[in-house]
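Asks: just coords:
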């Protein structure tokens, strides 16, 4: 009986702790306001993820090169192995739309 309980508890602990290994957390923020950028696209190879509402994204440790983009910010290609920062700042892009002329 005691052996079964130890087995169940150790199995549960393994499943709870295993996802924490082999991942790196990046936080994507606005360069000016320092606010987190939700739903930024993080592409690596043929795969990718989106940042959550707090601007956080979890990447496998095997990933070294990423491209981070968002429609309102300049895209960046980053070698995350070469940087020790876990926070990436994106520069806002200001787009001025041309005026529209209507003929009536």
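Replies: Happy to help now that I have it. All values reported here derive from a predicted model rather than from experimental measurement.
Asks: Return the distance of the nearest residue to residue 23 once chain neighbours are set aside relative to residue 98.
Replies: If the residues on either side of it in the chain are set aside, residue 23 comes closest to residue 58, at 4.8 Å by CB to CB, 6 or more residues apart in numbering. (C-beta placed from N, C-alpha, C; glycine too.) In this view, residue 58 and residue 98 are 40 Å apart by CB to CB, to the nearest Å.
Asks: Which one's more surrounded, those two?
Replies: Legend: neighbour count by other CB atoms under 10 Å for residue 58 and residue 98, higher for residue 58 (15 against 5).
Asks: how close does the more buried one sit to residue 81?
Replies: 16 Å.
Asks: Likewise for residue 104?
Replies: 59 Å.
Asks: Same question for residue 39.
Replies: 25 Å.
Asks: quick one on the thing from earlier: residue 104 and residue 81: which is more packed in?
Replies: Looking at residue 104 and residue 81 with other CB under 10 Å, you find the greater number of neighbours at residue 81, namely 11 against 2.
Asks: what sits against the more buried one?
Replies: residue 64 (CB atoms under 8 Å, 6 or more residues apart in numbering).
Asks: Surely it is within a strand?
Replies: No. Under the criterion used here (DSSP: H, G, I helix; E, B strand; the rest coil), residue 81 is coil, not part of a strand.
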